[in-house]
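# Structure of the sequence below:
(2 chains, ligands or ions: 1)
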Amino acid sequence: MNTNKSVYETPNVSNPINRYIITVLVDNEPGVLARVVGMFSGRGYNIDSLNVAEVVTNEHLSRITIVTHGTSEVVDLIRKQLMTIVPVHSVTNLENEGSPVEAEVALIYLEINESNKKEAFNVCDFYRARKIENENNTTIFEIAGTSERIDAFIKEINKLAKIEVVRSGPIAISSLERKMEEK
Amino acid sequence: MENLTGSEIVLKSLRDQDVDVIFGYPGGAVLPIYDSLFKQNAIKHILVRQEAGAVHAAEGYAKSSGKVGVVLVTSGPGATNIVTGLTDAIMDSVPLVCITGQVPQHLIGSDAFQECDTTGITRPCTKHNYLVKDVNSLSEVIHEAFTIAKNGRPGPVVIDIPKDVQFSKGSYKQKKEFLIPKHRLFNSSVIENDKQIEEATKLIAHSKKPIFYIGGGCINSGPEASKLVQELVKLTSIPSTMTLMGLGTLPASDPNSLGMLGMHGMYEANLAMHDCDVMVNIGARFDDRVTGRLDAFSPNSKKIHIDIEASNINKNIKVDIPLIGDVTTILKKFLTSWKQNNYSINKNHLNDWWKKINEWKKVDCLNFSQNGNTIKPQYAVKRLYELTKDINTIITTEVGQHQMWAAQYYKFEKPNKWITSGGLGTMGFGFPAAIGAQVANPKALVVDIAGDGSILMNIQEISTAVQHRLPVKIFILNNEYMGMVRQWQELLHGGRYSESYMDSLPDFVSLAESFKAKGLRATKSNEIDDVIKEMIEYDGPVIADIIVDKEENCFPMIQSGSAHNEMVLNKNQKQDSKSAEKGKILV
Ligand SMILES: Cc1ncc(C[n+]2csc(CCOP(=O)(O)OP(=O)(O)O)c2C)c(N)n1
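Numbers count the residues shown, from 1 in each chain, chains lettered A, B, ... in the order given. As a prediction, the model looks like this:
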């Protein structure tokens, strides 16, 4: 596996490839997401999932959560490259922040009939998926939690019913005690 | 607070930023700015003949003056024509501010005439870019753009201004009223280097075979950086080599200088890099043209790396002591630490090291013989150097063999006298860059050492030079080939010269004359001195067509896929076949 971006081969056997969650605090200005995403595609890094939302409205700050995989060296380069982007305030590799708390949301449309209804609802119950009322009276469940739990739920429920899935991709936050207000 | 139109704000902001010249080309989407330009005298406009010329000229201006180069072009094709120059500037860290016109906001997204997504296209090739939607933010954007272009690792910034914003009225904010938020800048004060500097100087003091590997960051950091490098080299007597971009930091005549390193660098410099035990990278970035094969790059050395851009640390080469920050700042601390600790390197070790290097020097890797009438390109550059060394001369180049011969045979004694496209390797760079350098240095002799292929890429700028009375000299090493391509085809592709012959070249002498410039030609070696002298003396732009040996190769060479210590000195030395196979896929 070529870990660096030189045209030449890498000399040393590199570290193992792991999954990393990176959060990027940015000025919420036009083009900022394109800058961040463009850095990944332009330099050949991976984005497994991506999540963006404004988090501090009065200061127009957004947080971008990116799940990526690579060696620790690559993830360090990603962090440093992101820091060169002008509207970026800070970049956090949650791996370095103790055990982060992570969560994802999924919305699942279920095709329910008399034959699968009971069992399907049991599975939903078991995974604490919540039925969402809607005006068309269709069966839509919401589940939040770790990506693994959502994976397991989807696998189970898919055995029983045809489904359609929308997932947010994980977001995560450091569980360490804050010394200062993060800016 | 005054109420000005957007285009007036542009001009006022530029003045506020001490801009006295811009390079540009008009069109529909920038007419209001050109109108404001017409109504003032403080800022001079150099009309180029193609927008690519404007960016390279601005680069030449910036590199030779240390100021920010400014470009003004129209929307659509005007903007897309500057993309190569922007990429060149971001690779070589050249501070530019490029203003592009855009269609009025209500037409954006409608595929309007001459609309293009300028910020989208230029995002990966700028440090930052803006689409200005509100005239009231225009002056702030321009001030921020100048700061960003210069700050940290310098680079190009694009400001895209829709035509309606140029017409509408808004308020102006002065440069001094504007405070750029800290996080948007490189901030060296947050980086604590002191402990690492102590470690670094200690490591050097205890080394046996140290080397300084000096890069373009020393030039970008300003003239003081070169002085500090010189002081450090003098103080320590450490052998020192420079990258293509770093030439001039240390005078070529400095006894501790080993000259340039890398693919076409000096044999002794590359071997010293390979064998050293402590390497101090000062403002370079371990580029592949310098390192050669990575797994054999300086295998037994501890490495110290000074770089203003953190993302360059451990990118290609793992280093032991990273020092992030401006070369000048760090070298000052470095020198203080060295002196306070009373460090010196063990004399015996250093002598042994120099002895070894002097053995390598005996190979005399730049040796060539000029026999007979046919002009050797090396000889042409050598004569150019001899006949211009006592004049304030700035050399620019295009890209190819001539560029490498210029780097090898022209001896630079000072920084900012050597302007070349290193990172991107842009053919067509040198001539417009020479025009920009001449604008910044009206009294200097500015010579573009060119190839017959490259010069045709921006030859139209001869018209610019004539119009603005810029007496730049184009010194073509005319081998009727894309020489560097031909050389690679000879070495790697069985001598099949696929499309590298420059057929139907113009008669450069009459071409010059048709533009009302002067054309000169040397075909025999005994004509070259006279041609160079006449070129220097002529008060105006000159094309000197130097007909050189057609199939001369550029040596020494670390071929792609090889290591520093596998450098070949001439074409009779063959590259190891395994390295050659691997090297073939590289660029
Ligand atoms: C814009 C651009 N296109 C293609 C190349 C690839 N290239 C590198 S060197 C070279 C040949 C240059 O020929 P010439 O200008 O005649 O110089 P010489 O090598 O003969 O001195 C080419 C085509 C390049 N560097 N830039």
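# quick one: average pLDDT of stretch B:565-580?
In this model, stretch B:565-580 has a mean pLDDT of 83.
# what's near enough to touch B:Lys12?
Applying C-beta atoms under 8 Å, 6 or more residues apart in numbering or on different chains, we find B:Lys12 in contact with B:Leu4, B:Ser139, B:Tyr172. Glycine gets a C-beta too; all of them are placed from N, C-alpha and C.
# Going through those, which ones are buried?
B:Leu4, B:Ser139, B:Tyr172 (16 or more other C-beta atoms under 10 Å in any protein chain shown).
# mind giving me the domain split of chain A?
For chain A, the domain assignment from automatic domain parsing gives the residue ranges A:18-97, A:101-171.
# Identify the residues contacting residue 62.
Just so you know, I chose chain A. Contacts of A:Ser62 by C-beta under 8 Å, 6+ apart are A:Leu25, A:Val26, A:Asp27, A:Asn28, A:Val32, A:Val52, A:Ala53, A:Glu54, A:Val55.
# wrong one, chain B
B:Val68, B:Gly69, B:Val94, B:Pro95, B:Leu96, B:Gly436.
# give me that answer again for 10 Å
B:68-70, B:89, B:94-97, B:149-150, B:154, B:156, B:220, B:419, B:433, B:436-437, B:440 (C-beta atoms under 10 Å, 6 or more residues apart in numbering or on different chains).
# Over to B:Ser301?
Neighbours of B:Ser301 in contact, by C-beta under 10 Å, 6+ apart: B:207, B:209-211, B:273-280, B:319-320.
# and which of those residues is nearest B:Ser510?
The closest of these to B:Ser510 turns out to be B:Met273 (C-beta to C-beta; 46.8 Å).
# circling back: which ones among the buried ones among the contacts of B:Lys12 lie within strands?
B:Leu4 (DSSP state E).
# Spatially nearest residue to the most centrally placed residue in chain A, not counting backbone neighbours?
With distances taken as C-alpha atoms, centre = their mean, A:Pro170 lies nearest the centre of chain A, 2.9 Å away. Closest residue in space to A:Pro170, ignoring its immediate chain neighbours: A:Glu104 at 4.5 Å, by C-beta to C-beta, 6 or more residues apart in numbering or on different chains.
# How about B:Ser421?
B:Phe429 (4.0 Å).
# what's the answer for A:Glu111, then?
Using C-beta to C-beta, 6+ apart, the closest residue to A:Glu111 is A:Lys162 (4.2 Å).
# That neighbour reaches A:Ile112, doesn't it?
Yes - using C-beta atoms under 10 Å, A:Lys162 is in contact with A:Ile112, at 9.5 Å.
# okay, these two: which has more neighbours?
Taking other C-beta atoms under 10 Å in any protein chain shown, A:Lys162 and A:Ile112 do not tie; A:Ile112 has more neighbours (16 against 11).
# wait, doesn't that one sit right on A:Val123?
No - with contact defined as C-beta under 10 Å, A:Ile112 does not reach A:Val123; the gap is 11.8 Å.
# Next, show the common contact partners of the two.
The contact lists of A:Ile112 and A:Val123 share A:Leu160, A:Ala161, where a contact means C-beta under 10 Å, 6+ apart.
# Secondary structure class of the closest residue to the ligand within the stretch 51-200 of chain B, three-state.
The stretch 51-200 of chain B approaches the ligand most closely through B:Thr84 (7.1 Å), counting by C-beta to the nearest ligand atom. In three-state terms, and counting by DSSP: H, G, I helix; E, B strand; the rest coil, B:Thr84 is helix.
# count of residues packed around it?
Counted with other C-beta under 10 Å, B:Thr84 comes out at 21.
# Which residues are in contact with it?
B:Glu51, B:Ala52, B:Val55, B:His56, B:Cys125, B:Ser421, B:Leu424, B:Thr426, B:Met427, B:Gly428, B:Phe429, B:Met457.
# quick one, helices of chain A?
A:32-42, A:72-83, A:117-126, A:147-160 (DSSP state H).
# Show me what the second one packs onto, helices and strands only.
Spelled out, it's helix A:72-83. strand A:18-27, helix A:32-42, strand A:61-70, strand A:88-93 (3 or more C-beta pairs under 10 Å, 6 or more residues apart in numbering or on different chains; DSSP states H and E).
# Next, the angle helix A:32-42 makes with the first one.
This points to strand A:18-27. 150 degrees (axes from the mean of the first three to the mean of the last three C-alpha atoms, to 10 degrees).
# what's the nearest residue to A:Gly145 once chain neighbours are set aside in contact with, if anything?
Nearest non-adjacent residue to A:Gly145, counting by C-beta to C-beta, 6+ apart: A:Ala103, 6.2 Å away. Each residue near A:Ala103 by C-beta under 10 Å, 6+ apart is listed here: A:Ala144, A:Gly145, A:Thr146, A:Ser147, A:Arg149, A:Ile150, A:Ser168, A:Pro170, A:Ile171, A:Ala172, A:Ile173.
# tell me the mean pLDDT over the helix or strand hosting B:Lys195?
In the assignment (DSSP states H and E), B:Lys195 maps to helix B:194-205. Throughout helix B:194-205, pLDDT has a mean value of 96.
# same thing with stretch B:413-430?
Regarding stretch B:413-430, the rounded mean pLDDT is 98.
# wait, does that stretch contact the ligand?
Yes - against the ligand, stretch B:413-430 shows contacts by C-beta under 6 Å from any ligand atom at B:Gly425, B:Thr426, B:Met427, B:Gly428.
# How about stretch B:445-464?
Yes - contact of stretch B:445-464 with the ligand (C-beta under 6 Å from any ligand atom) involves B:Gly451, B:Asp452, B:Gly453, B:Ser454.
# can you check stretch B:477-492 too?
Yes - residues of stretch B:477-492 are located near the ligand by C-beta under 6 Å from any ligand atom, namely B:Leu477, B:Asn479, B:Tyr481, B:Met482, B:Gly483, B:Met484, B:Val485.
# Looking at these, which are in helices?
Short answer: these in helices (DSSP H) are B:Gly483, B:Met484, B:Val485.
# All the strands of the stretch 451-587 of chain B, residue numbers only.
For the stretch 451-587 of chain B, the strands defined by DSSP state E, counting those that start in this stretch occupy B:473-478, B:518-522, B:542-547.
# Poorly predicted segments of the chain, please.
No chain was given, so I picked chain A. A:1-14, A:180-183 (pLDDT under 70).
# Switch to chain B, please.
Across chain B (using pLDDT under 70), the flagged ranges come out as B:1-2, B:188-190.
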